[in-house]
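In: From the sequence below, what's the structure:
(2 chains)
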Amino acid sequence: MKTSSPQWNIVLIFQSLLRVACGILLIYASSDKLGDPDKFLKVIENYHVLPADLLPLAAVVIPWLEFFTGLCLSLGFQWRGAAFVFCSLMGIYTLALAWNLAQGTEMNCGCFAMDATEKLTGWTVLRDLVFFMSGLFVLTAKQTYAAVKKE
Amino acid sequence: MNSKRSASPASSIPWKKSLLEAWNLFVFAAFFAVLFNTFYSDGIPLKVEQTKSYHLQDLLKKNQTSSGYAGWKTVSSKSASVSATPTNLALDQMPRLSLLGAKSRFDQKSSIFLDARSPEEYAEGHIPGALEFYADDFEKFAPLVLPQLKDKNQELIAYCHGSSCELSLHLANALIDQGYTNVKVFFGGWPEWKKANYPINKGDQP
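Out: Numbering: from 1, shown residues only, chains lettered A, B, ... in the order given. Presented below is the predicted three-dimensional model:
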């Protein structure tokens, strides 16, 4: 049996666990949005970053993109591409939230629950930044464990 | 030194394959989402209808035909429901400011604050520089305040008692009807401002 250094294995295990965690996180985040595109449209409208013509399409596509990306990450199916999408989503969310925070806009993040009264703060931006960094860490993994499809 | 160890993590990523997978995932999710939305009972139209606009600018264009104080009267009528107003952006559609956002604009003197509360409340204390503009008495206040708001692109910030009060929202909607393009609501309003121990003025002068 081929062995590598124990430390490297621990990193790979951690990256694999993080991959699954990121996947579950996205599935959870999408669950409240999938059935109510009209409400989600109002949430993303408040971000004031997308043109009006693109809002309905984004309200329909983003929740399903989150769901399928989460599914791929947690199952380890095309996980690297999914990690790339995860990073892209989190990067966009972080920038949009930071921009609104800098503008002093009062808004609900709508990140996990659309009816939540959680206000946008620096912590919200920091949290999304941590998610982004986690995705980046998963993306840079040399390989992953517990995947349905090996590379 | 082990040269493999010193290589950057990014160099280990098969970028081409990753991008292709990401693109495939995006296309599949988008296709599925549109298909699902088509047959889903609570699906939404993907094309923005001309009569239903999502942006403030579109709403403004739509309502530019209303002129004079007719719109104000409609809004100011206590018996009229909010839905009777020509522009009726709900709170979650109206651009809002946090306490910090309001304070930074106050410090920069870049915006005009409008106090939508009653004259008595205004006299008891208001944000320094805020104009008295009681939202429930438009007929009296509009001719007094509007001539001072000549620049239609000037940022206007309406506030009232905070979460229990919709006067600022009504005032903001009415201002939009008058052609003002940059109206925001500081929904935390007077209670948040006072609680933060920010400067206040008393009396009937701004």
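
In: Mind telling me what element residue 28 is part of?
Out: With no chain named, the answer covers chain A. Assigned by DSSP states H and E, residue A:28 falls within helix A:6-31.

In: My question was about chain B, not that one.
Out: With DSSP H and E as the criterion, residue B:28 is inside helix B:15-39.

In: quick one: contacts for the nearest residue to residue B:33 once chain neighbours are set aside?
Out: Spatial nearest neighbour of residue B:33, chain neighbours left out: residue A:64 (3.8 Å); criterion: CB to CB, 6 or more residues apart in numbering or on different chains. (Each C-beta comes from the backbone N, C-alpha and C, glycine too.) Residue A:64 makes contact with A:30, A:34, B:29, B:30, B:32, B:33, B:36, according to CB atoms under 8 Å, 6 or more residues apart in numbering or on different chains.

In: re earlier: so what touches the helix holding residue B:28?
Out: A:37, A:57, A:60-61, A:63-65, A:67-69, A:72, A:78, A:80-85, A:88, A:139, B:43-44, B:46.

In: hmm, back to that, sticking with the residue nearest to residue B:33, tell me its helix or strand.
Out: helix A:55-75.

In: That helix versus helix A:6-31: what angle between them?
Out: With axes from the mean of the first three to the mean of the last three CA atoms, to 10 degrees applied, the angle from helix A:55-75 to helix A:6-31 works out at 140 degrees.

In: How about exporting helix A:55-75 as PDB, limited to the C-alpha atoms?
Out: Once non-C-alpha atoms are left out, helix A:55-75 reads as follows in PDB (Å, rounded to 0.1, in the frame of the first residue of the first chain):
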ATOM      1  CA  LEU A  55     -33.600  39.800 -11.700                       C
ATOM      2  CA  PRO A  56     -36.300  37.200 -12.500                       C
ATOM      3  CA  LEU A  57     -33.800  34.900 -14.200                       C
ATOM      4  CA  ALA A  58     -31.400  35.200 -11.400                       C
ATOM      5  CA  ALA A  59     -34.100  34.600  -8.800                       C
ATOM      6  CA  VAL A  60     -35.000  31.300 -10.600                       C
ATOM      7  CA  VAL A  61     -31.500  30.100 -11.400                       C
ATOM      8  CA  ILE A  62     -29.400  31.000  -8.300                       C
ATOM      9  CA  PRO A  63     -31.300  28.700  -5.800                       C
ATOM     10  CA  TRP A  64     -31.000  25.700  -8.200                       C
ATOM     11  CA  LEU A  65     -27.400  26.500  -8.900                       C
ATOM     12  CA  GLU A  66     -26.800  26.500  -5.200                       C
ATOM     13  CA  PHE A  67     -28.600  23.200  -4.700                       C
ATOM     14  CA  PHE A  68     -26.800  21.300  -7.500                       C
ATOM     15  CA  THR A  69     -23.500  22.800  -6.500                       C
ATOM     16  CA  GLY A  70     -24.100  21.700  -3.000                       C
ATOM     17  CA  LEU A  71     -25.100  18.300  -4.100                       C
ATOM     18  CA  CYS A  72     -22.000  17.800  -6.300                       C
ATOM     19  CA  LEU A  73     -19.800  19.000  -3.400                       C
ATOM     20  CA  SER A  74     -21.300  16.800  -0.800                       C
ATOM     21  CA  LEU A  75     -21.200  13.700  -3.000                       C
END
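
In: so residue B:128 sits in a helix?
Out: No. Assessed with DSSP: H, G, I helix; E, B strand; the rest coil, residue B:128 is coil; it does not lie in a helix.

In: Residue B:201 is in contact with that one, correct?
Out: Yes. Contact criterion CB atoms under 8 Å: residue B:128 and residue B:201 qualify, at 4.4 Å.

In: What subset of the contacts of residue A:64 is buried?
Out: Neighbour-count burial (16 or more other CB atoms under 10 Å in any protein chain shown) is assigned, among the contacts of residue A:64, to A:30, A:34, B:29, B:30, B:33.

In: how close does the first one get to chain B?
Out: When you say that, I think you mean residue A:30. The gap separating residue A:30 from chain B is 10 Å, by CB to the nearest CB, to the nearest Å.

In: who's in contact with that residue?
Out: A:63, A:64, A:66, A:67, A:70.

In: before we move on, what about the second one?
Out: Taking CB under 8 Å, 6+ apart as the definition of contact, the neighbours of residue A:34 are A:63, A:64, A:67.

In: And the second one, how far from residue B:148?
Out: Relative to residue B:148, residue A:64 is positioned 50 Å away (criterion: CB to CB, to the nearest Å).

In: Next: the last one.
Out: Per CB to CB, residue A:67 is found 52 Å from residue B:148.

In: The first one now?
Out: Distance check for residue A:63 against residue B:148: by CB to CB, it reads 46 Å.

In: and the two? which has more neighbours close in?
Out: It is residue A:63, of residue A:63 and residue B:148, that has more neighbours when counted by other CB atoms under 10 Å in any protein chain shown, with 24 against 10.

In: What residue in chain A comes nearest to chain B?
Out: The nearest approach of chain A to chain B comes at residue A:104, 1.8 Å away (CB to the nearest CB).

In: what pLDDT does that residue get?
Out: pLDDT for residue A:104: 81.
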